[in-house]
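**Student:** Kindly generate the corresponding structure for this input.
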Amino acid sequence: MYIRASVVITLVLALLCVALPGLASKGGQKSLGKVKQLRAATVEDGIQLSWQSVDKSDGYRIFHVQGKEVSVNVDSVEVGEGQTSYLFVTDSTQTFSFAVAALNGSEVGPLSPRVTVKGNNSTGNTRSDTGI
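**Tutor:** Numbering: from 1, shown residues only. Sure thing, here's the model as predicted:
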């Protein structure tokens, strides 16, 4: 009986060693990358935001950043899968900052670098996280 129990325990441990790496990559580790190439351009109706798509995302959360850091109290809006742009409607000439995170179900990816632009600038000012 003792030998059979140890064989069963060894088999269970072997199966766990095989299964755990797959489980960890599904739930324990972040699978979404950071949004890249976030750009903000002033347009007639406000500020046009655009960014590069992120693999495995089913949407994006756009944060209107106020102050030095993004917090839970910051304004945000979500856009659906495949959408990599958003028009922030404003007629204000104040300066705005934005950051974007990819979404997949309840998972929220890391924030993009922040982009800052002055609203309704008649010169068509464009800013991006790439310095362009």
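
**Student:** Any buried residues in stretch 90-107, and which?
**Tutor:** 96-104 (16 or more other Cβ atoms under 10 Å). Bear in mind the C-beta positions are built from the backbone N, C-alpha and C, glycine included.

**Student:** Quick one: those as a markdown table, columns for distance to residue 63 and pLDDT too.
**Tutor:** Formatted as a markdown table, those follow (distance: Cβ to Cβ, whole Å; pLDDT from 0 to 100):
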| residue | distance to residue 63 | pLDDT |
| --- | --- | --- |
| 96 | 11 | 88 |
| 97 | 9 | 90 |
| 98 | 6 | 92 |
| 99 | 5 | 92 |
| 100 | 7 | 93 |
| 101 | 7 | 93 |
| 102 | 12 | 94 |
| 103 | 12 | 94 |
| 104 | 17 | 93 |
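
**Student:** Can I get those residues in TSV including secondary structure and distance to residue 51?
**Tutor:** Below are the buried residues of stretch 90-107 laid out as TSV (DSSP: H, G, I helix; E, B strand; the rest coil; distance: Cβ to Cβ, whole Å):
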residue	secondary structure	distance to residue 51
96	strand	15
97	strand	14
98	strand	10
99	strand	10
100	strand	5
101	strand	10
102	strand	9
103	strand	13
104	strand	16
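
**Student:** From the residues you listed, pick the one nearest residue 119.
**Tutor:** residue 96 (5.7 Å; Cβ to Cβ).
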